[in-house]
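Visitor: turn this into a model:
(one chain, ligands or ions: 1)
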Amino acid sequence: MQDTVVIIPTYNEIENIEAIIRAVLSKSNAIHVLIVDDNSPDLTALKVKELQKVFEDRLFLEVRNEKSGLGTAYIHGFKWCLNKKYQYIFEMDADFSHDPNDLQKLYNACHIEGADLSIGSRYVTGVNVVNWPMNRVLMSYLASKYVRIITGMKIHDTTAGFVCYKRNVLETIDLNAIKFIGYAFQIEMKFKAYLKKFKIKEVPVIFTDRTRGESKLSSGIISEAIFGVVSMKLKSLFTK
Ligand SMILES: Nc1nc2c(ncn2[C@@H]2O[C@H](COP(=O)(O)OP(=O)(O)O[C@H]3O[C@H](CO)[C@@H](O)[C@H](O)[C@@H]3O)[C@@H](O)[C@H]2O)c(=O)[nH]1
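Guide: The predicted structure follows:
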């Protein structure tokens, strides 16, 4: 996995951070990791700084002042990565809901199979989610269906947060124009890539709910997604 960086946004992930960094970096000596932490009160960033002494040239840390949303954390991370030489830029959660063993499959979809953007998808073949409460599975599955209908994207898992971007995708999308700050950011990025006609490939993965730490899902994040998708689609129609 040459020229690859995995961006992991973190807020209060002290229980996962060391294990996820070690797991990702063990997959290939060529992989780098960028943590974008929002000044987590549980001192996640301090643990990352300790690990930087072990993984000198492969582990990077950006700390923002306060919790400002997963979407803006990724935008911050993308800009950081585009200033470096990376060709393959991943999004991944800190909590092992995305299996580090699947990084290679997503990389291959871009590097070998010619996709511009590959998505670790829970919903290509049925529902591949382990240990999520039924209400969360239903909400996520129906949200993906809803987004697919409203936007017209032929993607099964539109809210997926396990993604590999080729560098040119992130160079082409206007990152300063991304509006959503919560999980709806995931939808907006895919929609922008779809409008630009990038080749998107869904790679089936199994998503396993975290066993340590807590989800940051909130009602604000949900309503941003529900209403934001409609306005995003309408805006795209008027700006064609
Ligand atoms: N820096 C930063 N990181 C954040 C923030 N909010 C969440 N994160 C980090 O973003 C990752 C995902 O957040 P979770 O809160 O664990 O997400 P989830 O509920 O498991 O949601 C999953 O499903 C969503 C919907 O399908 C996905 O959109 C999301 O990416 C994730 O895979 C974790 O590493 C978490 O620490 C924030 O405000 N700032």
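
Visitor: the longest helix anywhere in the chain close to the ligand?
Guide: Using DSSP state H to define each element, the chain has its longest helix at helix 219-238. No. Contact of helix 219-238 with the ligand (C-beta under 6 Å from any ligand atom) is absent, the minimum separation being 8.5 Å. In this view, the C-beta of every residue, glycine as well, is placed from N, C-alpha and C.

Visitor: just the CA trace of that helix, in PDB.
Guide: The C-alpha coordinates for helix 219-238 follow below in PDB (Å, rounded to 0.1, in the frame of the first residue of the first chain):
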ATOM      1  CA  SER A 219     -30.200  14.300  17.200                       C
ATOM      2  CA  GLY A 220     -28.500  17.300  15.600                       C
ATOM      3  CA  ILE A 221     -26.400  15.000  13.400                       C
ATOM      4  CA  ILE A 222     -29.500  13.100  12.300                       C
ATOM      5  CA  SER A 223     -31.500  16.200  11.400                       C
ATOM      6  CA  GLU A 224     -28.600  17.700   9.500                       C
ATOM      7  CA  ALA A 225     -28.600  14.500   7.400                       C
ATOM      8  CA  ILE A 226     -32.400  14.300   6.800                       C
ATOM      9  CA  PHE A 227     -33.000  17.900   5.800                       C
ATOM     10  CA  GLY A 228     -29.500  18.600   4.400                       C
ATOM     11  CA  VAL A 229     -29.800  15.900   1.800                       C
ATOM     12  CA  VAL A 230     -32.900  17.500   0.200                       C
ATOM     13  CA  SER A 231     -31.300  20.900   0.100                       C
ATOM     14  CA  MET A 232     -28.100  19.500  -1.300                       C
ATOM     15  CA  LYS A 233     -30.000  17.800  -4.100                       C
ATOM     16  CA  LEU A 234     -32.100  20.900  -4.900                       C
ATOM     17  CA  LYS A 235     -28.900  23.000  -5.000                       C
ATOM     18  CA  SER A 236     -27.300  20.600  -7.400                       C
ATOM     19  CA  LEU A 237     -30.300  20.900  -9.700                       C
ATOM     20  CA  PHE A 238     -30.100  24.700  -9.800                       C
END
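
Visitor: who are the packing partners of it?
Guide: helix 134-151, helix 184-195 (3 or more C-beta pairs under 8 Å, 6 or more residues apart in numbering; DSSP states H and E).

Visitor: so how far is the shortest one from its chain's centroid?
Guide: In this case it means helix 184-195. Centre-to-centre, helix 184-195 and its host chain are 11 Å apart (C-alpha atoms, centre = their mean, to the nearest Å).

Visitor: contacts for the next helix or strand after it, please.
Guide: Remark: after helix 184-195, the chain's next helix or strand is strand 200-204, criterion DSSP states H and E. The contact list for strand 200-204 (C-beta atoms under 8 Å, 6 or more residues apart in numbering) reads 102, 105-106, 109-110, 113, 115-121, 124-125, 128, 155-157, 190, 193-194.

Visitor: try it again at 7 Å.
Guide: Residues from elsewhere that reach strand 200-204, judged by C-beta atoms under 7 Å, 6 or more residues apart in numbering: 105-106, 109, 113, 115, 117-121, 124-125, 128, 155-157, 193-194.

Visitor: stretch 72-91 now?
Guide: 1, 3-7, 9, 34, 36, 38, 62, 64, 103, 107, 110-111, 161-167, 170-171, 175, 178, 181, 185.

Visitor: now do stretch 64-71
Guide: By C-beta under 7 Å, 6+ apart, stretch 64-71 touches Pro9, Tyr11, Asp38, Asn39, His76, Ile178, Phe180, Ile181, Gly182, Tyr183, Phe185.

Visitor: nice, that's everything, thank you.
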